[in-house]
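J.: I'd like to go over a predicted model; first the sequence, then the structure.
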Amino acid sequence: MLSSLFLATALGAVGSYAQAAASAAAAAAAAEASTVAALRDAPTAVNRLNTLSQDSDFVFDFLNATTGVVTGAAGHLVSATVSNFPAVVGNGMAMTIGFLGPCGMNTPHTHPRATEMLYVVNGSIISGTLQENGARFVFNEVPGGSATIFPKGSIHFQQNNGCEPITFVAALNNEDPGVDSIAQRFLGLPPDIVSATLGDIGVEEVFGLANMIPDNIAFGTDECLQRCGIQRPTQPTNELQPRVSANAFPSSLTASSASATNSKRSLMIDSTEELVGSISRSPVSTQQPVSVALVAVISVLALGYIVMGAIFLMNKRRLSEREAAMYVRQDMKGRSLVLSMEEDVAHFTQ
């Protein structure tokens, strides 16, 4: 009885605390939105300055930020934008600091309203960019102390290619740069549209893929993970596109469908690795065609040798016949092949 009362009291306290925290967060967001609106309405820069009455309003602590933080299994990003740092209003810029763990990847994304210039503080990253249809893919390894640029709207990614944590600093030329995560947004389109775009792979397959997309920052390539001795863990998938009636999956699909898709994917990967890693273990698909080819090659070679042997014997026979025709016995040397009358008489009288 007493324990039940204590449990009920504890649960009530936790619920009240959560409700109070949510209310405080909502109030802070409303106050910040009001400040941003006032800054945008300010007719002059001096008016904007006076709207931010505290000097500390012009400082953003990236190391202890409570807003603008995106966290995944392999690292996190902290962004100072108009949404959480009103001082950038009217200044046309924002900033993101990336803290990438070993093999951590800032997955492919775009900034719809900003160009990004990224500076690598330590370690090195690999980065890639696609700007538009017809443009070539730009790939670089960017060491510490170097910077690279990603044009506005381009699809790009960064991956820590080492086994130690790294940090990068990204400046963006818009106070509201925006982020569009490619995988999550694409697979958040109507499932039949995604299926058709991917060659009619089926809505069930799309359902499975959509539920596999890891949150940013995610673990990167298998090559890096193997080199660093890291086992890819289960990663959170909380950044998926919300579903409404227009992009919803059929009600018949459940989590078991996603599990089945994941299992099929694992089987496909295992089969591919099996085929590539050990051809000899696939007699039906590899050994039989190879054996047939070897038999054909050997047969052709054997036929060639037989023909060559026959030609050799024929030439040898012709040569022997020619030598026999030209042969002259020792006792016939110096003599006429046609006997004279005297030689003929002498021959028969002997």
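T.: Looks like it came in fine. Numbers count the residues shown, from 1 in each chain.

J.: where's the closest residue to Gly188 other than its chain neighbours relative to Phe207, distance?
T.: The shortest distance from Gly188 to any residue that is not its chain neighbour, by C-beta to C-beta, 6 or more residues apart in numbering, is 2.3 Å, and that residue is Gln241. Placement of C-beta: from N, CA and C, glycine included. Between Gln241 and Phe207 the distance is 13 Å, computed by C-beta to C-beta, to the nearest Å.

J.: so between these two, which is more surrounded?
T.: More neighbours surround Phe207 than the other of Gln241 and Phe207, with 23 against 16 (other C-beta atoms under 10 Å).

J.: that one sits in which helix or strand?
T.: Under DSSP states H and E, the secondary-structure element containing Phe207 is helix 203-210.

J.: in its sheet, what does the helix or strand following that helix sit against?
T.: Using DSSP H and E, the helix or strand that follows helix 203-210 in sequence is strand 218-219. The pairing partners recorded for strand 218-219 under DSSP bridges are strand 104-110 (antiparallel).

J.: pLDDT on the partner strand, on average?
T.: Confidence over strand 104-110 (mean pLDDT, whole number) is 98.

J.: got the domain boundaries for this structure?
T.: Each domain of the chain is listed here as a residue range: 17-55, 60-277, 283-321, per automatic domain parsing.

J.: quick check, Lys316 in a strand?
T.: No - for Lys316, which was evaluated using DSSP: H, G, I helix; E, B strand; the rest coil, the result is helix, with no strand membership.

J.: look up how far Met308 lies from it.
T.: Applying C-beta to C-beta to Lys316 and Met308 gives a distance of 13 Å.

J.: strands of this structure, start to end?
T.: Listed in chain order, the strands found in the chain under DSSP state E are 69-72, 75-80, 94-100, 104-110, 116-120, 124-130, 138-143, 147-150, 155-160, 166-172, 180-181, 218-219.

J.: to Pro43, which of those lies closest?
T.: If you check each of these against Pro43 by C-beta to C-beta, strand 94-100 wins as the nearest, at 23.3 Å.

J.: paired strands for the closest one, with orientation please.
T.: In the sheet, strand 94-100 lines up against strand 75-80 (antiparallel), strand 166-172 (antiparallel) (DSSP bridges).

J.: let's see that strand as PDB, backbone CA atoms only.
T.: Once side chains and other backbone atoms are set aside, the C-alpha atoms of strand 94-100 remain, and they are given as PDB (Å, rounded to 0.1, in the frame of the first residue of the first chain):
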ATOM      1  CA  ALA A  94      25.300  31.600 -39.300                       C
ATOM      2  CA  MET A  95      27.800  29.000 -38.100                       C
ATOM      3  CA  THR A  96      27.900  25.300 -37.300                       C
ATOM      4  CA  ILE A  97      30.600  23.400 -35.400                       C
ATOM      5  CA  GLY A  98      30.900  19.700 -36.100                       C
ATOM      6  CA  PHE A  99      32.200  17.200 -33.500                       C
ATOM      7  CA  LEU A 100      32.800  13.900 -35.500                       C
END
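
J.: which residues touch it?
T.: Contacts to strand 94-100, defined as C-beta atoms under 8 Å, 6 or more residues apart in numbering, come from residues 60, 62, 74-82, 85, 88, 106, 114, 125, 158-160, 165-172, 174-177, 217.

J.: flag the shaky bits of the chain, pLDDT-wise.
T.: Filtered on pLDDT under 70, the chain yields the residue ranges 1-22, 24-25, 28, 255-297, 299-300, 302, 305, 307, 310, 319-350.

J.: could you tell me the end-to-end distance of stretch 195-209?
T.: Across its full length, stretch 195-209 reaches 11 Å between end residues, using C-alpha to C-alpha, to the nearest Å.

J.: what's the answer for stretch 205-223, then?
T.: In stretch 205-223, first residue to last residue: 26 Å (C-alpha to C-alpha).

J.: then stretch 220-232?
T.: For stretch 220-232, the separation between the terminal residues is 9 Å (C-alpha to C-alpha).

J.: got a list of contacts for that stretch?
T.: If you take C-beta under 8 Å, 6+ apart as the criterion, stretch 220-232 is touched by Ala74, Pro102, Cys103, Gly104, Met105, Gln159, Asn160, Asn161, Gly162, Cys163, Phe219.
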